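S.K.: generate coordinates for the sequence data below:
(one chain, ligands or ions: 1)
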Amino acid sequence: MTEWDHKPPTPSDLGDHEVPREGDALHEVRIALLVTGGIAAYTTPTLARSLRRQGADVQAFCSGEALRYVTAETLEWATTNPCITRLTPDAEHLSDHAPFDVYLVAPASYNTIGKVVSGIADTVVTASIASALGRMEQGRSTVLFAPTMHGTMHNQVLVENCRRLAELGVRVIPPRDAYGKHNLPREEALVEEVTEAVTRLRAGRSVR
Ligand SMILES: Cc1cc2nc3c(=O)[nH]c(=O)nc-3n(C[C@H](O)[C@H](O)[C@H](O)COP(=O)(O)O)c2cc1C
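M.R.: Predicted coordinates for the structure are as follows:
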């Protein structure tokens, strides 16, 4: 066991919100991080910072249920952008003024997956995804879903909904299988998924 010598930390030029840059894979890439009410929402501030380490500009959108597991303040600190928690007259969900290249739904709840496949756009997250799908169809954006849920929620409805998303051109990221649950993949794997999706987008290729 080591003892703390009570020295202050080594000085750094990095500002409080800044992240050490680790690469340029996501340089000038705008990412909407759409957070729904899976318990894994609590990990999304560090995911946002991992994306920023590759140069991405990240903005978070949260469903009301997501805000039970992560705070808007933490996501604002982690992204350095406002966290959008409701539909407002500024229409952030359409993001016309600064379109997103990537929409990453992580964690993607059973509920939100089902709503999206049914054409429902009743929250800031589902409405943003409706707009994202339109942009995707026009070849302007790429959409990724990272489903997470307890194993008992893995049923035929989920499977069919995920297949439908994939048919539409959405990348459904395979969950990490552990402890009887569909878990969020590790951050490095999610960053890699986003990077590959951007490469496909820029090459004009869909996920299919
Ligand atoms: C503690 C807790 C954890 C939950 N985790 C998940 C989860 O990982 N995945 C999921 O699909 N639903 C989960 N749920 C259920 C969702 O929060 C619920 O279906 C909610 O309506 C989702 O709303 P949203 O899709 O608008 O975010 C959880 C509920 C609770 C109480």
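S.K.: confirm that Asp16 sits in a helix.
M.R.: No: read with DSSP: H, G, I helix; E, B strand; the rest coil, Asp16 is coil and lies in no helix.
S.K.: and the pLDDT at it?
M.R.: Per-residue pLDDT puts Asp16 at 92.
S.K.: number of residues surrounding it?
M.R.: Per other Cβ atoms under 10 Å, the neighbour tally for Asp16 reads 6. Where C-beta positions appear, they are placed from N, C-alpha and C, glycine not excepted.
S.K.: could you do Ala189 as well?
M.R.: Ala189 is flanked by 14 other residues according to other Cβ under 10 Å.
S.K.: and it, how far from Thr44?
M.R.: Per Cβ to Cβ, to the nearest Å, Ala189 is found 15 Å from Thr44.
S.K.: what's the answer for Tyr179, then?
M.R.: Distance from Tyr179 to Thr44, by Cβ to Cβ: 20 Å.
S.K.: who has more neighbours, those two?
M.R.: The neighbour count for Tyr179 versus Thr44, taken as other Cβ under 10 Å, is higher for Thr44 (28 against 8).
S.K.: in what helix or strand does that one lie?
M.R.: Using DSSP states H and E, Thr44 falls within helix 44-52.
S.K.: just the CA atoms of that helix, as PDB, please.
M.R.: Once non-C-alpha atoms are left out, helix 44-52 reads as follows in PDB (Å, rounded to 0.1, in the frame of the first residue of the first chain):
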ATOM      1  CA  THR A  44     -22.500   8.200 -21.200                       C
ATOM      2  CA  PRO A  45     -20.500  11.200 -19.900                       C
ATOM      3  CA  THR A  46     -17.300   9.200 -20.200                       C
ATOM      4  CA  LEU A  47     -18.400   7.900 -23.600                       C
ATOM      5  CA  ALA A  48     -18.900  11.500 -24.800                       C
ATOM      6  CA  ARG A  49     -15.400  12.300 -23.600                       C
ATOM      7  CA  SER A  50     -14.000   9.300 -25.400                       C
ATOM      8  CA  LEU A  51     -15.600  10.500 -28.700                       C
ATOM      9  CA  ARG A  52     -14.100  13.900 -28.100                       C
END
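S.K.: can we start the residue count at 20 from this point?
M.R.: From this message on, residue numbering opens at 20, which makes the last subject helix 63-71.
S.K.: against which helices or strands is the following helix or strand past it packed?
M.R.: Next helix or strand after helix 63-71 toward the C-terminus (DSSP H and E): strand 76-81. Where contact means 3 or more Cβ pairs under 8 Å, 6 or more residues apart in numbering; DSSP states H and E, strand 76-81 is packed against strand 49-54, helix 63-71, helix 91-98, helix 143-156.
S.K.: which residues does the first one contact?
M.R.: Pointing back at strand 49-54 there. Under the criterion Cβ atoms under 8 Å, 6 or more residues apart in numbering, residues 60, 63, 66-67, 70, 75-82, 85, 89, 94, 98, 114, 117-127, 144, 147-148, 151, 213 lie in contact with strand 49-54.
S.K.: thanks a lot, see you next time.
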